[in-house]
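Trainee: Need coordinates for the following:
(one chain, ligands or ions: 1)
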Amino acid sequence: MYYDPDINDHGLPFNPIKGLVAPRPIGWISSISKDGVGNLAPYSFFNMLSYNPAYLMFSAGCKENGSKKDSVVNIEQTGEFVFNMAHWDTRTKMSDTSWIDDPKIDELLECGLTPTRAQRVKVPMVKEAPAHMECVHHKTVELPGHDPESVHHMVIGRVVMVHINDEFINNKGLVDITKIKPIARLGYMDYCAVDEVFSMKKRTVEEKLTPKVAAE
Ligand SMILES: Cc1cc2nc3c(=O)[nH]c(=O)nc-3n(C[C@H](O)[C@H](O)[C@H](O)COP(=O)(O)O)c2cc1C
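Mentor: Numbers count the residues shown, from 1 in each chain. The predicted structure is shown next:
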């Protein structure tokens with residue numbers, strides 16, 4: 001099958017497009033307003049863009065009235081935010097922080113999470129998260145929509161400090177990802193947790209040219 005995403009003539013009960021780039025990691029983004037009110041929300045249109053120097057981004061749709069979401073407003077006004085890693089143990093609270101729409105309510109406190117101080121930015125980090133990246137706002141790219149609500153703002157941040165809970169660094173000095181069990185968004189209401197990994201080495205030219213290996 002195929003369909004035009006601007007018309008959405010897929011004929012399926014639900015729009016399948018978000019299930020096609022999966023899993024999508026979750027940027028659990030903390031920020032503060034210019035008046036100092038904290039904010040925390042999950043974004044799965046999120047990813048790292050580079051690592052040296054390190055940049056990451058998330059993309060926010062607009063509110064029903066066409067105004068920017070609170071995370072975007074805060075970051076544009078204060079120039080700072082934090083990526084908190086969402087994992088199996090924080091999955092329910094991560095989801096809870098998406099439902100609060102009132103900019104006067106700090107989702108971090110409201111959802112019973114613990115704020116902890118960052119090093120370079122004033123934005124609190126979620127203590128329960130296994131890793132964090134402090135960011136300064138690099139730029140916002142506006143992605144035109146069909147209507148005011150579907151306009152998206154892609155916020156790009158430059159990472160200025162990285163935190164990893166020591167408990168998740170193994171005795172070889174590697175981040176123990178299956179111990180963290182990060183969660184990611186699939187399509188529909190589905191998520192996955194990383195609890196199994198496989199490694200692959202780059203094959204040598206000789207290996208690529210050996211029919212027996214190539215057939216495996
Ligand atoms: C797992 C998850 C991922 C989400 N990803 C996005 C996203 O990528 N973009 C978006 O605009 N909203 C996303 N949302 C919805 C926002 O979290 C929600 O609108 C939130 O209230 C925004 O908060 P803010 O206005 O404080 O920034 C997501 C929700 C959940 C539960």
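
Trainee: now the helices for this protein?
Mentor: For the chain, the helices defined by DSSP state H cover 70-78, 91-96, 107-110, 177-180, 205-209, 211-215.

Trainee: So which of those is the most surrounded?
Mentor: Compared across the helices of the chain, helix 70-78 shows the largest average neighbour count, a mean of 21 (mean count of other Cβ atoms under 10 Å). Placement of C-beta: from N, CA and C, glycine included.

Trainee: if we can go back for a sec, out of the helices of the chain, nearest to the ligand?
Mentor: Judged by Cβ to the nearest ligand atom, the one of the helices of the chain that comes nearest to the ligand is helix 70-78, at 3.2 Å.

Trainee: ok now the closest one, how far from the chain's centre?
Mentor: Mean C-alpha position of helix 70-78 versus that of the full chain (Cα atoms, centre = their mean, to the nearest Å) differs by 16 Å.

Trainee: Does anything pack onto that helix? Which helices or strands?
Mentor: In terms of contacts (3 or more Cβ pairs under 8 Å, 6 or more residues apart in numbering; DSSP states H and E), helix 70-78 is packed against strand 27-32, strand 38-43, strand 54-60, strand 80-85, strand 131-143, strand 152-164.

Trainee: Export those strands to TSV and append columns for distance to Val21 and mean pLDDT.
Mentor: Compiled in TSV, the helices and strands packed on helix 70-78 are given as follows (distance: least, Cβ to Cβ, whole Å; pLDDT from 0 to 100):
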stretch	distance to Val21	mean pLDDT
strand 27-32	15	98
strand 38-43	14	98
strand 54-60	12	98
strand 80-85	19	98
strand 131-143	15	98
strand 152-164	15	98
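
Trainee: which one of the ones you listed is the most hemmed in?
Mentor: strand 27-32 (a mean of 27).

Trainee: Mind listing the strands that one pairs with, and their directions?
Mentor: Its sheet considered, strand 27-32 pairs with strand 38-43 (antiparallel), strand 80-85 (antiparallel) by DSSP bridges.

Trainee: wait, which of these is closest to the ligand?
Mentor: Of all these, strand 38-43 comes closest under Cβ to the nearest ligand atom, at 3.2 Å.

Trainee: what's next to that closest one, contact-wise?
Mentor: The contact list for strand 38-43 (Cβ atoms under 8 Å, 6 or more residues apart in numbering) reads 26-33, 58-60, 69-71, 74, 84, 86, 94-95, 97-98, 103, 106-109, 111, 113, 115, 123-124, 126.
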